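**Q** Turn this into a model:
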Amino acid sequence: WLLMACIATLDGLLVASCAEKFVQGAWFPITVGVILFILISTWTRGSELLRAAVRSNQPPLQVFAAWLAEETALSRAPRTAVFTVADSEVVPQALILSLRHYKVLHEINIILRVRFTEEPRVAREHRLEVEPIAPTFWRVTVACGFQDHPDMPDIVQQLATGPNPLPLDPSAVSYFVGRSIVTPTQGTGLIMSMASMALWRKWLFAAMHRNASSPVDYFGLPHREVVFLSTEVEI
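**A** Below is the predicted model of the structure:
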């Protein structure tokens, strides 16, 4: 305790000696740092809540795909559907919305997730993991280094012409992108909570999410082949 008291006293003297610098301009970097911390922590926590909310409402992909493969009432579109997802263990929102509105299932369905590694670049021959999960359904994981830029048409081309090619035509591919419209609900606490966020931080995350960059540009998707399907998600 004596050692801790001495350290606390020294720290207190140091803070007191530097206190006058706060009003002389040190307030600016401190304010910028606090704002950046709030923005980054809100985005991180909000993204976790959004993923949890989406996952809680989606059935497991394996079971759903097996059921769809046996469903004979659905019409089959002679194209390939690529669903870009963040979680490939559950059914993509875009797939459920597509079935609800169009009552059509594509002949080839690819559930595609991009996984970033700690390496700067991943060799082309090592970047794809393809797993068949049901007839006409494949789960594809794309490994990208932190300096790689995902190019979805090139990935589809590699799927069609690689060592174990999928039965798809790269010129007949539709890219389905699910867009979550974040709706804040009543939060807990003023700043943060273990299970949720304060309401003002939820509104801040909703604004950040609404203005986030489009996955179309990030993944290099051809604009004429992209289908956006939106759904409301409460956090």
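
**Q** thought residue 223 was touching residue 214?
**A** No: between residue 223 and residue 214 there is no contact under CB atoms under 8 Å: 9.9 Å. The C-beta positions use only the backbone N, C-alpha and C, and glycine is treated the same way.

**Q** May I have the strands that pair with the lengthiest strand in the chain, each with its orientation?
**A** If you go by DSSP state E, the chain has its longest strand at strand 104-116. Here strand 104-116 is paired, per DSSP bridges, with strand 75-85 (parallel), strand 137-144 (parallel).

**Q** who's more crowded, residue 223 and residue 214?
**A** Neighbour count, other CB atoms under 10 Å: between residue 223 and residue 214, residue 214 has more, with 13 against 9.

**Q** before we move on, back to that, include mean pLDDT, mean neighbour count and distance to residue 201 when you put the strands paired with strand 104-116 into CSV, please.
**A** Shown next, in CSV, are those (pLDDT from 0 to 100; neighbours: other CB atoms under 10 Å; distance: least, CB to CB, whole Å):
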stretch, mean pLDDT, mean neighbour count, distance to residue 201
strand 75-85, 90, 19, 26
strand 137-144, 92, 20, 30
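
**Q** and of those, who's closest to residue 35?
**A** Nearest of the strands paired with strand 104-116 to residue 35, taken as CB to CB: strand 137-144 at 30.4 Å.

**Q** which element follows the closest one toward the C-terminus?
**A** Sequence order places helix 152-161 as the next helix or strand after strand 137-144, per DSSP states H and E.

**Q** name the helices or strands packed onto the next helix or strand after that next one?
**A** Using DSSP H and E, the helix or strand that follows helix 152-161 in sequence is strand 173-183. Identification of packing neighbours for strand 173-183 by 3 or more CB pairs under 8 Å, 6 or more residues apart in numbering; DSSP states H and E yields helix 27-56, strand 75-85, helix 93-102, helix 152-161, helix 199-210, strand 226-234.

**Q** what sits against residue 46?
**A** Contact analysis of residue 46 by CB atoms under 8 Å, 6 or more residues apart in numbering lists 182, 197, 201, 202, 204, 205, 206, 208, 209, 235.

**Q** coming back round to it: got the helices and strands packed on strand 173-183 as CSV, with distance to residue 177 columns?
**A** CSV is the format used below for the helices and strands packed on strand 173-183 (distance: least, CB to CB, whole Å):
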stretch, distance to residue 177
helix 27-56, 14
strand 75-85, 6
helix 93-102, 6
helix 152-161, 10
helix 199-210, 14
strand 226-234, 5
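
**Q** now for the ones you listed, which one comes closest to residue 126?
**A** Going by CB to CB, the one of the helices and strands packed on strand 173-183 nearest residue 126 is helix 152-161, 11.5 Å.

**Q** Skip the chain neighbours and tell me the closest residue to residue 110.
**A** Nearest residue to residue 110 in three dimensions, chain neighbours excluded: residue 82, at 4.8 Å (CB to CB, 6 or more residues apart in numbering).

**Q** got the CA coordinates for the longest strand of the chain in CSV?
**A** Only the C-alpha atoms of strand 104-116 are listed here, as CSV (Å, rounded to 0.1, in the frame of the first residue of the first chain):
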residue,chain,number,x,y,z
VAL,A,104,-37.9,-18.4,-57.3
LEU,A,105,-34.7,-20.3,-56.5
HIS,A,106,-31.7,-20.1,-58.7
GLU,A,107,-30.1,-23.3,-60.1
ILE,A,108,-26.8,-22.5,-58.5
ASN,A,109,-26.6,-20.8,-55.1
ILE,A,110,-23.3,-19.6,-53.6
ILE,A,111,-23.0,-18.3,-50.1
LEU,A,112,-19.8,-16.3,-50.1
ARG,A,113,-17.9,-14.9,-47.2
VAL,A,114,-14.7,-12.9,-47.2
ARG,A,115,-12.3,-13.7,-44.4
PHE,A,116,-9.3,-11.4,-43.8
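
**Q** Thank you, goodbye.
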